[in-house]
Each structure stands twice: as structure tokens, then as C-alpha cells.
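Asker: When you get a sec, could you give me coordinates for this:
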Amino acid sequence: MQDPSHHSSPTDSAALARPVVLVGLMGAGKTSVGRRLAQLLQTRFVDSDHAVERAADMTVADIFERYGEAEFRALERRVVKRLLEEGEAGVVALGGGAFMDPATRDLVLRAGHVVWLKAALDVLVQRTARKPGKRPLLAEGEPRAILAELQARREPVYALAHDTVVSGEAPITRVVECVAARARRFGASP
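Answerer: Residues are numbered from 1 along each chain as shown. Predicted coordinates:
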């Protein structure tokens, strides 16, 4: 596991050969880290949920309600494939459940440098409480219990990522620098 206190150095400046794909639970910081990472790397950031919503011209919640999870995952997979293979983004934040889909997981592991942003349960609870209306899954019960269950179920799969960076209490700039340094090393030309 990479310590986010690591700072990138000028020798880490190798160009990225593959897009960086951020995975993790809601509240792990995928969007916040992704935006800043793309700015640092001077590339485009895309949130896969937003890209799916644009492609479908409806919200993720509406897609789930109208067509079900299987159709949503199929659309999500097509959108993520396009983002990665057509070079639409240098940094992609996947929705929390996207990496759980075996076909999407295989795709991103082959096409990108996958980084799991890992955060402790207390951090996730604190961060998701800031935007309660934007987390419909957490409205279905006690948020801490829901996040704990998701964490137990998803973390073994997230651990398949190429890298893990803890996105807990460290300043976001350190987390971003750590992810950038790891991605540069992973994608550096020989």
C-alpha cells in the first residue's frame, strides 16, 4: 500500500501510457482526487456515472428504475470502454459498483492503471454525510451499516486494482501526488 505522504519528484515526469482509473466506495474521494489528478497531469477527467447519464439522457437512478441493474451495467460497460479505448479521458472515476462487474473490471484492468482509493469506514461515513441527497443508496437505511456492508463485500474485489492508495485523513494534494507518481511509474516507457 502506498503512503500518500510520498511526494512525486521531477524524475516521475514520464508520460502516462494508459488512463488512470479510480475505484472505491462512495466517499473515498474518486471525483475530488480525479479532478485534481487530471489537472496535475494536464489531461481530461471523466466521472463514469456522469458519462452514462449523458449517453442515456437520464439519471443513473432513472436507468435503474426503468431498465434494471443488468441494463445499467451493460450501458456502463459500453461507456467505460469508449472512454478508455477512444482516449476520451486520462483520468476516469468509476461508479462504486462498476468494478464489481467482472466484464467492466477486466476491461479497466487491461486498458488502464487502476487505483483503489481506500478509506476507513469513519471517513466514508463523515464524507457521505456532507451530501445526503446525492447518495440514494444510503437513504435505504442506516448509512454506517450500509457502508460497512458494502465495504465488507467490495473491498476484496477492489484489492484486485493495480495499486491502492489510502485516501483517509491525508490532505488531498498528497493523495493526488501519490496517485500521480504511481501512475507515472506504472505507465512509464522503458
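Asker: Now do the helices in this structure.
Answerer: 30-41, 48-56, 60-67, 69-85, 102-111, 121-129, 143-158, 172-187 (DSSP state H).
Asker: Just put those helices in JSON lines and tack on distance to residue 91, mean pLDDT and mean neighbour count.
Answerer: For glycine as for every other residue, the C-beta is placed from the backbone atoms N, C-alpha and C. Below are these laid out as JSON lines (distance: least, CB to CB, whole Å; pLDDT from 0 to 100; neighbours: other CB atoms under 10 Å):
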{"stretch": "helix 30-41", "distance to residue 91": "4", "mean pLDDT": "95", "mean neighbour count": "20"}
{"stretch": "helix 48-56", "distance to residue 91": "11", "mean pLDDT": "94", "mean neighbour count": "18"}
{"stretch": "helix 60-67", "distance to residue 91": "20", "mean pLDDT": "85", "mean neighbour count": "14"}
{"stretch": "helix 69-85", "distance to residue 91": "10", "mean pLDDT": "91", "mean neighbour count": "18"}
{"stretch": "helix 102-111", "distance to residue 91": "12", "mean pLDDT": "95", "mean neighbour count": "16"}
{"stretch": "helix 121-129", "distance to residue 91": "19", "mean pLDDT": "91", "mean neighbour count": "17"}
{"stretch": "helix 143-158", "distance to residue 91": "17", "mean pLDDT": "95", "mean neighbour count": "15"}
{"stretch": "helix 172-187", "distance to residue 91": "9", "mean pLDDT": "88", "mean neighbour count": "21"}
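Asker: for those, which one sits closest to residue 23?
Answerer: Nearest of the helices of the chain to residue 23, taken as CB to CB: helix 143-158 at 5.7 Å.
Asker: what angle sits between that closest one and helix 102-111?
Answerer: 60 degrees (axes from the mean of the first three to the mean of the last three CA atoms, to 10 degrees).
Asker: what helices or strands is helix 143-158 leaning on?
Answerer: strand 113-118, helix 121-129 (3 or more CB pairs under 8 Å, 6 or more residues apart in numbering; DSSP states H and E).
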